[in-house]
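Engineer: Structure for this input, please:
(one chain, ligands or ions: 1)
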Amino acid sequence: MNILQVLRGRFDAVLSPLVDETAPLLEMIRPTNDPKFGDYQANCAMPLGKKLGKNPREIAAEIVEKIDLSDMCEPLEIAGPGFINIKLKDAWIEAQLAAAVTDERIGVPLVEAPKKYVLDFSSPNVAKPMHVGHIRSTVIGDSLAKTLRFLGHEVITDNHLGDWGTQFGMIIYGFKHFRNNEAYHESPVAELSRLYREVRKIIDYIDGQKSLPARKSKLMEMAAEIEERKAMPPTGDKAADKKATKELEKLQRQAEDASKELVKDEAKLSALAADPEFAKIAAEHSDIGTAVLNETAKLHADDEENLALWHEFLPKCREDIQRIYQRLDVTFDYELGESFYHNQLGPVVNDFIEKGFAEESEGALCVFLDGFKAPMIIRKKDGAFLYATTDLATIEYRMREWKPDAILYVVDFRQGEHFDKLFAAAKKWGYADIELKHVSFGTVMGEDGKPYKTRSGDTVGLEGLLDEAVSRADKIVRENDKDGQLSEEQYADVAQRVGIGGLKYGDLSQNRETDYVFSYDKMLALNGNTATYMQYAYARVQSIFRRGEVDIAALRTSGAKIGVSSPAERALAMKVLRLPEALQDTIADYRPNQLTSYLFEELAKSYSTFFEQCPVLKAETDEQKQSRLLLCDLTARVIQQGLALLGISTVDKM
Ligand SMILES: NC(=[NH2+])NCCC[C@H](N)C(=O)O
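Structural biologist: The predicted structure is shown next:
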């Protein structure tokens, strides 16, 4: 059971006659950090006292007097200004452990009111280099899907592939003008990816050159302004002068950065221009920007040739991405990409017009939303629909077909404004009683402090990244296996699980909203908050069973019991029983790092202390030995379950 939830339920019964809204008070019942204060502590008497104008200690006494917890807790204690300390009875803990030992779900209850979730994650733009951010979305989304499902919710996972965008205009253009038939034949995706990069390069070159004069004059303006400000005499007002100096410095820094950037770009452009072959191509394709848009527009207008090319390219691109999913062991219920909604965009826009939610502004069709300066554009001046239009059609489809209670979008924080607007527009459109949530995440950084880039910048690069993790894991596993207990075959298997697991855990253990630095060394470390450490803890328990020739499955059903007489055993037992709470915390705001920190900071650390203080195979009595073996087993099962919900597997030996 979820102990915290049960405690809160009991408090709720006492608090609800006193206040209208008990939820914030119930939030103040938390596990303690120090066993001195019991297992849980309720701090709600203080705010309640303030609210009711009574002495908090009196309130606390009143709560303690009325609450019915005698079945599970020792008599409650009131401390300090009105803290209520809650200590569970040992016998009650032991009964919970006994139930968990024979429970496949190790004591995790199913939610009483299951909800239906749609999870939109991964969603790369095919035919365009997939990047580390898409791995991040994939790993976070998959873990949330698994956790929600485990708790009993219904989850539909949907990979909203970008399979209809300008990138297809680009490869269609590239295919028509630059393709190498032989290369395409040999390795179509590699050739398409080359074509994408080629077209991108020309577009960037032409746009870069076009923007140079404006950038230069902007810099001159900045320089002039700096001079002007420098020439200004001080006013004598200290604060104002200080502010002026600060502003001047800021402007100087900006000018310096812009000028460096310009020098760099100019160098790049002139290097390209110096390549006669490239210069010739660029000159021949000077209208490439418009041409690409035309190819895209033709595709969207069902042009026969472009549609045929799209049908030819798409399965190849999807296959390419599939390899990454296979290696990450991630699957989707649906992969309804942007192209799937193509025919619904017109009707969506018409519906907005009919309902009076959209108006024309400078030729574009706009949805004005309260609280936003800029409107959401749903049709461009040239008639083209946008990313946002597709997302509206997607919401309509999902609501109609699946009727979910919530749609979660696991997407990069840079799309924050898009989703804010999308959700506001959806609400306006009538989708008000659904939870629409942008599960936003930060950037994966390189050790140089810039966004992490794989060497080749495409799926091949991402595969290289996975390969590297596995090959480093292989080395670590071999070094660690001093007594040579693993076969060659086992090395390969363990390296896979440790390498890919390390990569996933390294990501999931971060607060998803912050940027983090990608480091193989950190994510594969044997010590610390890593998958490797958790996998190792699991394997160590299995090795105890092997060394002691323990048939753990038989012991589970033998009627042997776990006792919690020593502090280390009791502390570990409490952590084991807190798995349901950790999972609840994980989905409360969709944060897998709640689960990793429970596994590492709480469970693994308590296990370590237990392991130091409590001999298992050499326990004093048979009864104690069985008790400790079962506690080790529960710990290992919680680790295994926890890792499984993160999409990470365990190994028995490593
Ligand atoms: N429904 C959505 N907008 N999902 C996210 C799509 C992400 C987009 N394809 C990208 O790679 O940036």
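Engineer: Residue 91: how many residues sit nearby?
Structural biologist: 10 (other Cβ atoms under 10 Å). Bear in mind the C-beta positions are built from the backbone N, C-alpha and C, glycine included.
Engineer: Get me the contact residues on the stretch 1-150 of the chain for the ligand.
Structural biologist: Contact residues (Cβ under 6 Å from any ligand atom) of the stretch 1-150 of the chain with the ligand: 120, 123, 124, 125.
Engineer: Include secondary structure and pLDDT when you put these into JSON lines, please.
Structural biologist: Putting these into JSON lines (DSSP: H, G, I helix; E, B strand; the rest coil; pLDDT from 0 to 100) gives the following:
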{"residue": "120", "secondary structure": "strand", "pLDDT": "98"}
{"residue": "123", "secondary structure": "coil", "pLDDT": "94"}
{"residue": "124", "secondary structure": "coil", "pLDDT": "92"}
{"residue": "125", "secondary structure": "strand", "pLDDT": "90"}
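Engineer: Among these, pick out the one closest to residue 506, please.
Structural biologist: residue 124 (20.1 Å; Cβ to Cβ).
Engineer: Contacts only, for residue 299.
Structural biologist: For residue 299, the contact set (Cβ atoms under 8 Å, 6 or more residues apart in numbering) comprises 164, 168, 169, 172, 306, 307, 310.
Engineer: before we move on, what SS does it have?
Structural biologist: Look at residue 299: counting by DSSP: H, G, I helix; E, B strand; the rest coil, its state is helix.
Engineer: So it versus the ligand, what's the distance?
Structural biologist: Using Cβ to the nearest ligand atom, to the nearest Å, residue 299 is found at 17 Å from the ligand.
Engineer: How about that residue, nearest residue that isn't a chain neighbour?
Structural biologist: residue 306 (4.2 Å; Cβ to Cβ, 6 or more residues apart in numbering).
Engineer: The stretch of helix or strand the one you found belongs to and the ligand in contact?
Structural biologist: Using DSSP states H and E, residue 306 sits in helix 304-328. No: judged by Cβ under 6 Å from any ligand atom, helix 304-328 stays clear of the ligand, getting no closer than 11.5 Å.
Engineer: Against which helices or strands is that helix packed?
Structural biologist: Where contact means 3 or more Cβ pairs under 8 Å, 6 or more residues apart in numbering; DSSP states H and E, helix 304-328 is packed against helix 132-150, helix 166-178, helix 188-231, helix 288-300, helix 459-480, helix 488-508.
Engineer: got TSV for these, with mean pLDDT too?
Structural biologist: Converted to TSV, the helices and strands packed on helix 304-328 look like this (pLDDT from 0 to 100):
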stretch	mean pLDDT
helix 132-150	95
helix 166-178	95
helix 188-231	93
helix 288-300	94
helix 459-480	88
helix 488-508	95
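Engineer: a markdown table for the ones you listed, including distance to residue 362?
Structural biologist: Formatted as a markdown table, the helices and strands packed on helix 304-328 follow (distance: least, Cβ to Cβ, whole Å):
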| stretch | distance to residue 362 |
| --- | --- |
| helix 132-150 | 33 |
| helix 166-178 | 22 |
| helix 188-231 | 22 |
| helix 288-300 | 18 |
| helix 459-480 | 39 |
| helix 488-508 | 42 |
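Engineer: what are the phi and psi angles of residue 600?
Structural biologist: phi -90, psi -60 (degrees, to the nearest 10).
Engineer: cool, and residue 83?
Structural biologist: Taking degrees, to the nearest 10 as the convention, residue 83 sits at phi -70, psi 140.
Engineer: I'd like to know how many residues surround it.
Structural biologist: 21.
Engineer: Ignoring the adjacent residues along the chain, who's closest to residue 394?
Structural biologist: Nearest one to residue 394, counting by Cβ to Cβ, 6+ apart, is residue 341 at 5.8 Å.
Engineer: so what's the most centrally placed residue in the chain closest to, chain neighbours aside?
Structural biologist: Note on the chain: the residue nearest the mean C-alpha position is residue 140, at 3.4 Å, using Cα atoms, centre = their mean. Among residues not flanking residue 140 along the chain, residue 410 sits closest, at 5.2 Å (Cβ to Cβ, 6+ apart).
Engineer: one step back: who wins on neighbours among the contacts of residue 299?
Structural biologist: residue 168 (29 neighbours).
Engineer: residue contacts, that one?
Structural biologist: 127, 295, 296, 299, 310, 313.
Engineer: rerun that using 6 Å as the cut-off
Structural biologist: Residues in contact with residue 168 (Cβ atoms under 6 Å, 6 or more residues apart in numbering) are 299, 310.
Engineer: Residue 596 now?
Structural biologist: Per Cβ under 6 Å, 6+ apart, neighbours of residue 596: 508, 509.
Engineer: 8 Å instead?
Structural biologist: Residue 596 touches 505, 508, 509, 529, 646, counting by Cβ under 8 Å, 6+ apart.
Engineer: Just give me the closest of these to the ligand.
Structural biologist: residue 508 (19.2 Å; Cβ to the nearest ligand atom).
Engineer: Does that closest one touch residue 143 like I think?
Structural biologist: Yes: using Cβ atoms under 8 Å, residue 508 is in contact with residue 143, at 5.8 Å.
Engineer: any residues in contact with both of those two?
Structural biologist: Common neighbours of residue 508 and residue 143 (Cβ under 8 Å, 6+ apart) are 592, 595, 646.
Engineer: quick one, the helix holding residue 306 and helix 188-231 angle?
Structural biologist: 90 degrees (axes from the mean of the first three to the mean of the last three Cα atoms, to 10 degrees).
Engineer: can you list contacts of helix 304-328?
Structural biologist: 122, 124, 126-127, 130, 135, 138-139, 142, 161, 163, 168, 171-172, 175, 188-189, 192, 295, 298-299, 331-332, 335, 339, 459, 462-463, 466, 500, 504, 647.
Engineer: Stretch 158-166 now?
Structural biologist: 118-128, 292-293, 296, 299-300, 314, 317-318, 321, 332-339, 342, 387, 390, 394, 398.
Engineer: Name the residues of this protein found near the ligand, please.
Structural biologist: Residues of the chain lying near the ligand (Cβ under 6 Å from any ligand atom): 120, 123, 124, 125, 160, 162, 391, 394, 409, 411.
Engineer: Tell me how many other residues crowd the residue in the stretch 151-300 of the chain that the ligand sits nearest to.
Structural biologist: The stretch 151-300 of the chain approaches the ligand most closely through residue 162 (3.5 Å), counting by Cβ to the nearest ligand atom. For residue 162, the neighbour count with other Cβ under 10 Å is 19.
Engineer: And it, what's its pLDDT?
Structural biologist: The pLDDT attached to residue 162 in the predicted structure is 94.
Engineer: Specify the beta-bridge partners of it.
Structural biologist: Beta-bridge partners recorded for residue 162 (DSSP bridges): residue 125.
Engineer: For it, give its distance to residue 321.
Structural biologist: 11 Å (Cβ to Cβ, to the nearest Å).
Engineer: My reading is that residue 365 lies in a strand. Confirm?
Structural biologist: Yes: counting by three-state DSSP, residue 365 is found in a strand.
Engineer: before we move on, the earlier item: including neighbour count, could the contacts of residue 596 go into JSON lines?
Structural biologist: As requested, the contacts of residue 596 are exported to JSON lines (neighbours: other Cβ atoms under 10 Å):
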{"residue": "505", "neighbour count": "29"}
{"residue": "508", "neighbour count": "26"}
{"residue": "509", "neighbour count": "22"}
{"residue": "529", "neighbour count": "19"}
{"residue": "646", "neighbour count": "26"}
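Engineer: my guess is residue 352 contacts residue 430, does it?
Structural biologist: No: Residue 352 is beyond contact range of residue 430, at 11.2 Å (criterion: Cβ under 8 Å).
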